[in-house]
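>>> structure, please.
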Amino acid sequence: MVTRSGLFCPGDRPDRLTKAAAVADVVIADLEDAVVPQAKAAARTAVAAWLRERPDLAPRTWVRINNDQHLEADLDAVTKPGIAGVVLPKAELAGIAEVTARTDAAVFALVETANGLQELPELARHPAVTRLGLGEYDLAAELGTAAPSRTENTGPLAWARAQVVVASAAAGLAPPPAAVSAELDDPAGFRADTLAQQRAGFFGRLCVHPAQVALTHEVLVPTTEEVTHAREVLRALENAENTEKTGVAVVAGRMVDAAVVRRARRVLALAEAAADQLIKEDQQ
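Numbers count the residues shown, from 1 in each chain. The predicted model follows:
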């Protein structure tokens, strides 16, 4: 499955979790920022009950736990068989150790601290970590920089973004998703920013509103030319493998290497995801 979008939903609103699953590739049941302190226990219970009721959605569900005194209770309640894993906010090696001591669930490490940035290579290579991401608003607050902006991709946050992309690639992880944007009233700006981050090495986006999911999916729809080229690449590779060319293929004057093949396969997977999305919308 190509993961284009992850939609955060309050854990104490299980009705929204089901709705999120209808639009986003991945649901992130949030026990942290989206839930006030006095509702933490209720949210934990609600998410656990929802996972029992909807085991079919568990493989597409991550749960963002609290990285504080609630951590153990959160893990005990929600790390049910079949879920995609847990999102650890303010991820650092010490926190990963706490999680892995209590569960073997996969960990999406959300880096939001200066110490987490310094530990990025080790975090990326930790056996439990399957994905990295940035929590840019918390990180900016800790670093004392301006909040994330669509118009300014300079300074510490630009460096942090690049480091997350590099650490993910070096560890063999999937490209990180672009961080959330709290700005909900500028769809054109959100679309442009999402596209720019794809070009910078991110893939897909974490979202806080269904409208952002739709915009993210739009950005990731391949053009007809891209799909045609991808098919030509894979067809040329197949022909080369079936001849005495020992796997060497050329398309449009360019040798087809492993990187070109990976991109072609991703383009076709995105095209298939877009087609599936249209079918789903027609059925609703």
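>>> any idea how far the helix or strand hosting residue 74 is from the chain center?
Assigned by DSSP states H and E, residue 74 falls within helix 71-78. In terms of C-alpha atoms, centre = their mean, to the nearest Å, the centre of helix 71-78 is found 22 Å from the chain centre.
>>> pLDDT of the next helix-or-strand element following it, averaged?
Using DSSP H and E, the helix or strand that follows helix 71-78 towards the C-terminus is strand 85-88. Mean per-residue pLDDT for strand 85-88: 98.
>>> rewinding a little: contact partners of the helix holding residue 74?
Contact with helix 71-78 is made by 29, 31, 41, 44-45, 47-48, 51, 63, 65-66, 86, 95, 98-99, 102-103, 105, as judged by C-beta atoms under 8 Å, 6 or more residues apart in numbering. Glycine gets a C-beta too; all of them are placed from N, C-alpha and C.
>>> out of these, which end up buried?
Neighbour counting with 16 or more other C-beta atoms under 10 Å marks 29, 31, 41, 44, 47-48, 51, 63, 65-66, 86, 95, 99, 103, 105 as buried within the contacts of helix 71-78.
>>> in the protein, where is pLDDT below threshold?
Filtered on pLDDT under 70, the chain yields the residue ranges 1, 150-155, 240, 242-248, 251-256, 277-284.
>>> and the helices in it?
Secondary structure of the chain (DSSP state H): helices at 14-23, 40-53, 71-78, 93-100, 114-118, 120-125, 136-143, 156-170, 187-199, 210-219, 224-241, 258-283.
>>> indicate which one of those helices is closest to residue 249.
Residue 249 lies closest to helix 224-241 among the helices of the chain, at 3.9 Å (C-beta to C-beta).
>>> by contact count, what packs against that closest one?
Helices and strands touching helix 224-241, by 3 or more C-beta pairs under 8 Å, 6 or more residues apart in numbering; DSSP states H and E, are strand 250-251, helix 258-283.
>>> could you dump the ones you listed to TSV with distance to residue 58 and mean neighbour count?
Compiled in TSV, these are given as follows (distance: least, C-beta to C-beta, whole Å; neighbours: other C-beta atoms under 10 Å):
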stretch	distance to residue 58	mean neighbour count
strand 250-251	40	14
helix 258-283	19	14
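>>> and the ones you listed: which comes nearest residue 196?
With respect to residue 196, and counting by C-beta to C-beta, the nearest of the helices and strands packed on helix 224-241 is helix 258-283 at 17.6 Å.
>>> middle-most residue in this protein, spatially?
In the chain, the centroid-proximal residue (C-alpha atoms, centre = their mean) is residue 177; its distance is 4.1 Å.
>>> I figured that one hits residue 133, correct?
Yes: judged on C-beta atoms under 8 Å, residue 177 makes contact with residue 133 at a distance of 5.8 Å.
>>> what touches both of these two?
By C-beta under 8 Å, 6+ apart, the residues touching both residue 177 and residue 133 are residue 206.
>>> neighbours around residue 133, how many?
Close neighbours of residue 133, defined as other C-beta atoms under 10 Å, add up to 23.
>>> contacts only, for it.
For residue 133, the contacting residues are 87, 108, 109, 110, 111, 164, 176, 177, 179, 206, by C-beta under 8 Å, 6+ apart.
>>> biggest separation within the buried ones among the contacts of helix 71-78, which pair?
51 and 95 (22.4 Å).
>>> one step back: for the residue nearest to the centre of the chain, which non-adjacent residue is closest in space?
Leaving aside its sequence neighbours, residue 177 sits nearest to residue 204 (C-beta to C-beta, 6 or more residues apart in numbering; 4.5 Å).
>>> ok, that neighbour to residue 273 distance?
Separation of residue 204 from residue 273 (C-beta to C-beta, to the nearest Å): 10 Å.
>>> before we move on, what about residue 176?
In this structure, residue 176 and residue 273 are 18 Å apart, going by C-beta to C-beta.
>>> one more: residue 258?
From residue 258 over to residue 273 (counting by C-beta to C-beta), the distance is 22 Å.
>>> distance check, residue 126 against residue 82.
22 Å.
>>> of the two, give the one with the bigger neighbour count.
With neighbours defined as other C-beta under 10 Å, residue 126 and residue 82 compare such that residue 126 has more, 18 against 11.
>>> show me what contacts the closest residue in space to the more buried one that isn't next to it in sequence?
Of all residues not flanking residue 126 in the chain, residue 96 sits nearest, at 5.6 Å (C-beta to C-beta, 6+ apart). Residue 96 is in contact with 88, 107, 109, 123, 126, 128, 129, counting by C-beta under 8 Å, 6+ apart.
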